[in-house]
Every structure is written in C-alpha cells, then in structure tokens.
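Novice: Build me a model from this:
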Amino acid sequence: MNSNIKRPLSIVIFSLIMFLTAFVTIIANAYINVLPLWGAGNIFSKMAVMDIVVIAIYPVAAVAIYSVKKTGWWIFIISATFIFVYNIIAFVKNPMVSIGSVILFNAFLFAGAGFFFRRHIIAPYFNPRLRWWEQASRYNIDLGVSIQSHDLCEIGYLEDISQGGCFIRIPADVKVGFVYSLRISLGNILSISVMGRVMRILSDEGITGFGFMFYNLSETERQGLIGMMDALQRLGLGENPEEVESDDKRIYGRYSINISASILYKHKEVAVRLMNLSATGAYVRLSSDLEMGSLCGFLCSLGDNSVRLDAIVKWKKQAEHSWMYGLSFNDVAYSDRLKIMKILGKIKILGGKIRDRDQQEYESMIEQTMSSTPYRIFQKHKKAI
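Specialist: Numbers count the residues shown, from 1 in each chain. This is a model prediction of the structure:
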C-alpha cells in the first residue's frame, strides 16, 4: 500500500463521526437522565445490556466503514439498521427523549446508509481494484527528449548520454549526417538545449534509435552537460570502469539512463519496452504474444540497481505493431521491494511522472462491479421504469 495516498475524505469523515457518536450518545444519555459520567450512580451503572451493546456497535461500524472491505460494508448496513430500530424502541420506552432528536438521528443513519449505496462509494467495498488509494504509485518511464528542425518536431526517450553525445529512441525520419536541435530534460535535475549531428542509426525490435554527437557547443551548453553528468553520477548511473573494454576510445564517460527490462518466458529471455513501473507491477511492450495468466520472470535494472521477480500476466492489449501487457509481481520479498523502491526513486528524480488514473477505465470497472453488489436492486428498478 502506498502510505502517501489516503482514503477518500468522505469515508474518513463518516467513520470518524460514527466513532465519536458512541461518546456523544453516552454524554447525551447522562444529561437527559441527570446522571454523572463517573463515580457513584454513574450512567454506565444504569445502562441495560442492550444499551451497552448499542454503544459498542458505533466503533465497530466505524472500523467497518474505514476498512473499505465487503464485510465492512455489510457490517455497517446491519449496524445502522439495528441502531435505527433501537432508537425507535428507546423512544417508546423513554418519553423523555424528544421525537425531534430521534427523527433527526434516524435521518442521519438513513442518509449515511444511502450514501454508502451510491455506486462510486459501494464499488470499492466489493472490488479491491477500485481502491485506488491502496495501489502503489506507478511511474511512467519515458524521459524527456525532443528533436526539432525546420520541418520536424518529435518527442522520444533518452537511453544514454555523455558530454560528447547521446542515444535516443524516436519515431522520426532522421537522416545520418544531418544536424538537429535537441532538448533534453531530466526531470528535477536539469534541462538543456543543444545541437546534435546524427552519427548512426540502430533498427531493432521497437522504435528506431539514433546516435547523436553534440555539435558546436557553447560554453554555457558545455557547463550544462557537465552539471547533468555530475547529477547522474550522484545517482549511480555512470558506467562501471571495470566493464569498459580496454580498446574503447570514448573520451567521455557514458551514463545509461535507459530503464533496461526483459522477461523470461518459456525459458527464453526477451527484451521488452518498459512503459511504467510500480512496487507491485509493470506495464511492458513487446512483439511476442503471451498467454493471459501465464507466469514469467521480470528483470529490470537502472544503473547499479537491478531486480529479478516472478510475475503473472494480468491483462494484454494488441497495438498496431506490438502487444501491451500488464504484469503483477508475485510474493515480492522485502529485499526485492527495497530494490524496486530504489529504482523508482531514481526514475522519479529523472523525471518519471506518476501515472494518472484512467477515469474511463475506472468507470468501466465500477459498472462491471455493480452486478455483484446490492446496488443491482436499483439498476433493475431503473430498467423496469
């Protein structure tokens, strides 16, 4: 669960009111019956067993509401009905209680029960996937880089960068030898604009990649690149000198900021395009067709941080030239969870944005959930009308 995201305020407020109502009821009864709250002859000594049971129901109902679980919803509805009936009986037995207060309190209970029959409120109690506040924050992976010329303006993503050049993936008709304007943004770190000449093209599965050499840098641009390299080094994203071949002639250290990911499926490792990532799952793209519900391994690395997890294919969609898959991680060990959080922390610093909830998808899930909730009574009534 993501502790930074809280339950809907309406649920928190209503559960708090139910919890405090127990104390208000005790104080009100002590006042009406002119009895002290403690000491000899206090209000508790005069209460019947049923009165004490009703007082205890309020905090139970409050916890049930706050839990946002199926059993919690039923506990609240049953509790509200029980208290509703009890208030009427209490009024008949004790004429000192005003009819106005009984009607007002029962109206509050009736309105509360009605509130929890609303489709957007009842649905999360019956479908865990609709409890968006329990879902781990999911970060979109694409890092900001754009390429411009007099007849071109495209956005792509950055795989690596050095003081001398960079490698980007971008769906554009870019030609070797031509010079383009590049704007590179690394989230909260830095944003720079430089000129780059296309030195090579790499075509493989997915979006075509282009190797750029920075061209005619000004001193300001050079200092901006140095600042960006320093920031990436502090994040631990620089290449390991021990892994660089001795005949590598590169002048500048290259910093890989590509989120490298692959899946192990049917004993075969396949590189994937990682679209977003959270502590509980991932969204990937690849050209292969995977079976729904199948098990696979998920491998992800960023700089010195890497993690290997078991996952299950929860959903899939077919795109124009690839398949999109939602993976859910199985039984993530505490040590692996820490590794994921480190990767997510770097993604966030590098400019990864928390994915917004898809409202259309959310509404669709609510509609599908309604048939398994008591709300279906209202749906049938509407259809009959």
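
Novice: quick one: the strands in the stretch 1-150 of the chain?
Specialist: Remark: strands assigned in the stretch 1-150 of the chain by DSSP state E, counting those that start in this stretch are 139-140, 144-149.

Novice: out of those, nearest to residue 73?
Specialist: For residue 73, the closest of the strands of the stretch 1-150 of the chain is strand 139-140, at 32.0 Å, according to Cβ to Cβ. Yep, even glycine has a C-beta here, placed from its N, CA and C like the rest.

Novice: I'd like the mean pLDDT over that closest one, please.
Specialist: Strand 139-140 shows a mean pLDDT of 70 in the predicted model.

Novice: quick one: contacts for residue 194?
Specialist: 181, 182, 184, 214, 215, 217, 221, 225 (Cβ atoms under 8 Å, 6 or more residues apart in numbering).

Novice: And those residues, which two are furthest apart?
Specialist: Greatest spacing in the contacts of residue 194, by Cβ to Cβ: 181 and 225 (15.1 Å).

Novice: More neighbours: which of these two?
Specialist: Each of residue 181 and residue 225 has its neighbours counted (other Cβ atoms under 10 Å); residue 225 has more, 22 against 16.

Novice: Can you tell me the element residue 351 falls in?
Specialist: Using DSSP states H and E, residue 351 falls within no helix or strand.

Novice: Am I right that it is in contact with residue 190?
Specialist: No - the criterion here is Cβ atoms under 8 Å, and residue 351 misses it with residue 190 at 10.1 Å.

Novice: So which of the two has more stuff around it?
Specialist: Ranked by neighbour count (other Cβ under 10 Å), residue 351 and residue 190 place residue 351 first, with 20 against 16.

Novice: Against residue 285, how distant is that one?
Specialist: Distance of residue 351 to residue 285, computed by Cβ to Cβ, to the nearest Å: 20 Å.

Novice: repeat for residue 314
Specialist: The separation that residue 314 has from residue 285, given Cβ to Cβ, amounts to 15 Å.

Novice: Those two: which has the busier surroundings?
Specialist: Between residue 314 and residue 285, counted using other Cβ under 10 Å, residue 285 has the larger neighbour count: 18 against 13.

Novice: and stretch 310-329, how far apart are its ends?
Specialist: Length of stretch 310-329, first residue to last, Cα to Cα, to the nearest Å: 6 Å.

Novice: Run the chain-centre distance for that stretch.
Specialist: Relative to the mean C-alpha coordinate of its chain, stretch 310-329 is positioned 17 Å out (Cα atoms, centre = their mean, to the nearest Å).

Novice: Now that stretch: buried residues?
Specialist: When neighbours are counted by 16 or more other Cβ atoms under 10 Å, the buried residues of stretch 310-329 are found to be 310, 311, 312, 313, 322, 323, 325, 326, 327, 329.

Novice: Look up which helix or strand the closest residue to the third one other than its chain neighbours falls in, please.
Specialist: The one in question is residue 312. Of all residues not flanking residue 312 in the chain, residue 328 sits nearest, at 5.3 Å (Cβ to Cβ, 6 or more residues apart in numbering). Residue 328 belongs to strand 323-329 when assigned by DSSP H and E.

Novice: So which elements touch that strand?
Specialist: In terms of contacts (3 or more Cβ pairs under 8 Å, 6 or more residues apart in numbering; DSSP states H and E), strand 323-329 is packed against strand 281-286, strand 295-302, strand 305-318.

Novice: right, and residue 184 touches residue 145 too?
Specialist: Yes - between residue 184 and residue 145 there is a contact under Cβ under 8 Å: 5.1 Å.

Novice: Now for those two: what residues contact both?
Specialist: Common neighbours of residue 184 and residue 145 (criterion: Cβ under 8 Å, 6+ apart): 158, 166.

Novice: Just the pLDDT at residue 210, thanks.
Specialist: As predicted, residue 210 sits at a pLDDT of 90.

Novice: My reading is that it lies in a strand. Confirm?
Specialist: Yes - Residue 210 sits within a strand when classified using DSSP: H, G, I helix; E, B strand; the rest coil.

Novice: Make sure residue 201 is actually in contact with residue 210.
Specialist: Yes - counting by Cβ under 8 Å, residue 210 is a contact partner of residue 201 at 5.8 Å.

Novice: More neighbours: those two, which one.
Specialist: Between residue 201 and residue 210, counted using other Cβ under 10 Å, residue 210 has the larger neighbour count: 24 against 12.

Novice: Next, the contact list for the more buried one, please.
Specialist: Here residue 210 is in contact with 167, 168, 169, 170, 174, 198, 200, 201, 202 (Cβ under 8 Å, 6+ apart).

Novice: got a winner among those for most neighbours?
Specialist: In terms of neighbours by other Cβ under 10 Å, the contacts of residue 210 top out with residue 168 at 27 neighbours.

Novice: mind checking pLDDT for the residue nearest to residue 312?
Specialist: 92.

Novice: now do residue 188
Specialist: So residue 188 comes in at 59 (pLDDT).

Novice: The one 4 residues further on now?
Specialist: Reading off the confidence values, residue 192 has pLDDT 84.

Novice: now do residue 125
Specialist: Note on residue 125: pLDDT of 94.
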